[in-house]
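Colleague: what follows is a predicted protein model with its sequence.
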Amino acid sequence: MMGGEFVMLSLTPILIGVLAAVACALPGNFLVLRRQALIGDAISHVVLPGIVVGFLLSGTVNSWAMMAGAAGAAVVAVALIELIRRLGGIEPGAAMGVAFTSMFAFGVLLLEQSDTSSVHLDVQHALYGNLESLIWVEARGWGSLLDPVALAGLPPELPRIAVVAILMLAFTVIFWRPLKISTFDEGFARVLGMRTNLIGFGLVIMAAIAAVAAFDAVGSIIVIAMFICPPAAARLMTNRLEHQVLWSIAFAVFSAVVGYVLAGYGPLWLGAEDAVSAAGMIATVSGLVLGIAALYAPHRQRSGAPADA
């Protein structure tokens, strides 16, 4: 299985799962520390109608039009949340809940009323993605990694999520100091002349980009889990933000790899005949990692103490 068959059937899904997990975990660290972790949950729901509209306009699931539609849906959601909050006089969390559940339901209705029979786009795709189907048909072994013809046949989701993961890493490195200071002491950040509103807005935009890029390949289940579970587990491992980010990346990679392997082989080891959803298993493993960290991690007993800058 570690030869041609592995490269063809499993290498690209594992890489896509790993890159999607890391892309979501990086901004997730700051969202968790800012107590805004549910923003990732909201974004993963509101992009569905945008993705469906993008498909209807472009006629293909392998199009940047779907990502543009998802990004547009995220902008509409932000405006809708603000409108509900102002007109209804309710707190932001409730407004967010109303907006993302309504838009997700609208996206499901669009899917049911649209002709998506010719492509892999349905309600199940929205929840679990299509990770198992992202195989590298042209691969014949590890040598295909050096074959330009074979590389041209890589699933388009792989280079797309790779670019986004690199973008998330670059954003974290370049804006590390303002992100760190504004996260732990917003007042001090203002004294230093930092535009904390713009920093917070930029963080949300980057989280939206990560969610949109990951949504098509891995679905909303993994997106939600990876925004929260690896950063939250990493938070229990250390008091230093630098170490927390590294721990979150390690947990994200571990969850993606182990979850994918268990999804394919776990049922067979237990005597079952069919594999289970890779996205569901990856999310389950990430939840187990968080649970174990909550029980045994070095800093599990603290209550809301800020990490060391």
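Modeller: Done, it's in.
Colleague: which residues of this structure score low on pLDDT?
Modeller: Across the chain, residues meeting the criterion (pLDDT under 70) sit at 1-3, 59-63, 115-126, 216, 300-309.
Colleague: let's see that with 90 instead.
Modeller: 1-11, 34-157, 160, 183-225, 239, 263-280, 296-309 (pLDDT under 90).
Colleague: how deep is Leu87 tucked in, by neighbour count?
Modeller: Other residues lying near Leu87 total 9 when counted by other C-beta atoms under 10 Å. All C-beta spots, glycine's among them, are computed from the backbone N, C-alpha and C.
Colleague: ok, Ala65 next?
Modeller: Neighbour count for Ala65, taken as other C-beta under 10 Å: 19.
Colleague: hmm, Leu158 is touching Pro13, no?
Modeller: No: checked against C-beta atoms under 8 Å, the pair Leu158 and Pro13 is beyond contact range at 9.3 Å.
Colleague: chain center to stretch 195-204: distance?
Modeller: 19 Å (C-alpha atoms, centre = their mean, to the nearest Å).
Colleague: what sits against the residue nearest the centre of the chain?
Modeller: The structure's the chain has its C-alpha centroid closest to Val223; by C-alpha atoms, centre = their mean the separation is 3.2 Å. The contact partners of Val223, taken as C-beta atoms under 8 Å, 6 or more residues apart in numbering, are 20, 24, 40, 43-44, 211, 214-215.
Colleague: returning to what we had before: what do Leu158 and Pro13 both touch?
Modeller: With contacts defined as C-beta under 8 Å, 6+ apart, the residues adjacent to both Leu158 and Pro13 are Leu134.
Colleague: neighbour count winner among these two?
Modeller: Counting neighbours by other C-beta under 10 Å for Leu158 and for Pro13 shows that Pro13 has the greater number, 27 against 18.
Colleague: farthest residue from the center of the chain?
Modeller: In the chain, Val191 marks the outermost C-alpha relative to the chain mean, sitting 33.4 Å out by C-alpha atoms, centre = their mean.
Colleague: what's the longest helix in this protein?
Modeller: Scanning the chain for the helix with the most residues, using DSSP state H, yields helix 196-235.
Colleague: next, the buried residues of that one.
Modeller: With burial defined by 16 or more other C-beta atoms under 10 Å, the residues of helix 196-235 counted as buried are 196, 199-200, 202-235.
Colleague: next: stretch 158-173.
Modeller: Along stretch 158-173, the positions that meet the burial threshold by neighbour count (16+ other C-beta under 10 Å) are 158, 160-162, 164-165, 167-168, 171-172.
Colleague: cool, and stretch 248-264?
Modeller: Result for stretch 248-264 [16+ other C-beta under 10 Å]: buried residues 248-260, 262-264.
Colleague: ok, stretch 76-91 next?
Modeller: Applying a neighbour-count criterion of 16+ other C-beta under 10 Å, the buried positions in stretch 76-91 are 77-78, 80-81, 84-85.
Colleague: turn those residues into CSV, columns for distance to Gly54 and secondary structure.
Modeller: Compiled in CSV, the buried residues of stretch 76-91 are given as follows (distance: C-beta to C-beta, whole Å; DSSP: H, G, I helix; E, B strand; the rest coil):
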residue, distance to Gly54, secondary structure
Ala77, 15, helix
Val78, 18, helix
Leu80, 19, helix
Ile81, 21, helix
Ile84, 25, helix
Arg85, 27, helix
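Colleague: would you mind pulling the contact partners of the host helix or strand of Phe104?
Modeller: Secondary structure assignment for Phe104, by DSSP states H and E: helix 92-113. By C-beta under 8 Å, 6+ apart, the surrounding residues in contact with helix 92-113 are 38-39, 41-43, 45-46, 48-53, 56, 73, 76-77, 80-82, 84-85, 88, 121-123, 126.
Colleague: tell me which of those fall in strands.
Modeller: Among the contacts of helix 92-113, no residue falls in strands (DSSP state E).
Colleague: filter those residues to the buried ones?
Modeller: Looking at those with 16+ other C-beta under 10 Å, the buried ones turn out to be 38-39, 41-43, 45-46, 48-53, 73, 77, 80-81, 84-85, 121, 126.
Colleague: can you give me the helices in the stretch 51-200 of the chain?
Modeller: Taking DSSP state H, counting those that start in this stretch to define them, one finds helices in the stretch 51-200 of the chain at 64-88, 92-113, 123-128, 148-151, 157-174, 176-184, 186-191, 196-235.
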